[in-house]
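Q: sequence-free structure coming up:
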């Protein structure tokens, strides 16, 4: 599944190693990731094309969280990530009443992702 395996051009920006099979990827996310943070599958016409998640900060920074996302390269440049980040930011501030700050970390060479965040107001 391209969605969870990530093309080689994007792997350097991912926080996970690519999975060998779709069942392995799905099993990992269901067992280890789903309950760790706020997460949604990004869909286009009913098909999964990406992931978006918000991870709460810990310790003295409990009022903050970090947003992360991934959109399959086939769908880059269509505004999908921008819309997903916008929708996620609005939803998580409603769902997490304690949240005061939402931030994102992006690699300095990942200019398209920087643009996504700038369009949303980060």
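A: Looks like it came in fine. Keep in mind that this is a model prediction, so the values were computed, not measured.
Q: The lengthiest strand in the chain: partners in the sheet, and parallel or antiparallel?
A: Counting by DSSP state E, the longest strand found in the chain is strand 47-56. Partner strands for strand 47-56, per DSSP bridges, with pairing direction: strand 38-44 (antiparallel), strand 64-71 (antiparallel).
Q: can you list those in a markdown table and add mean neighbour count and distance to residue 77?
A: Any C-beta I mention is one placed from the backbone N, CA and C, and that applies to glycine too. As requested, the strands paired with strand 47-56 are exported to a markdown table (neighbours: other Cβ atoms under 10 Å; distance: least, Cβ to Cβ, whole Å):
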| stretch | mean neighbour count | distance to residue 77 |
| --- | --- | --- |
| strand 38-44 | 16 | 13 |
| strand 64-71 | 21 | 10 |
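Q: Using JSON lines, lay out those together with distance to residue 120 and mean pLDDT.
A: Listed next are the strands paired with strand 47-56 as JSON lines, based on distance: least, Cβ to Cβ, whole Å; pLDDT from 0 to 100:
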{"stretch": "strand 38-44", "distance to residue 120": "14", "mean pLDDT": "87"}
{"stretch": "strand 64-71", "distance to residue 120": "9", "mean pLDDT": "91"}
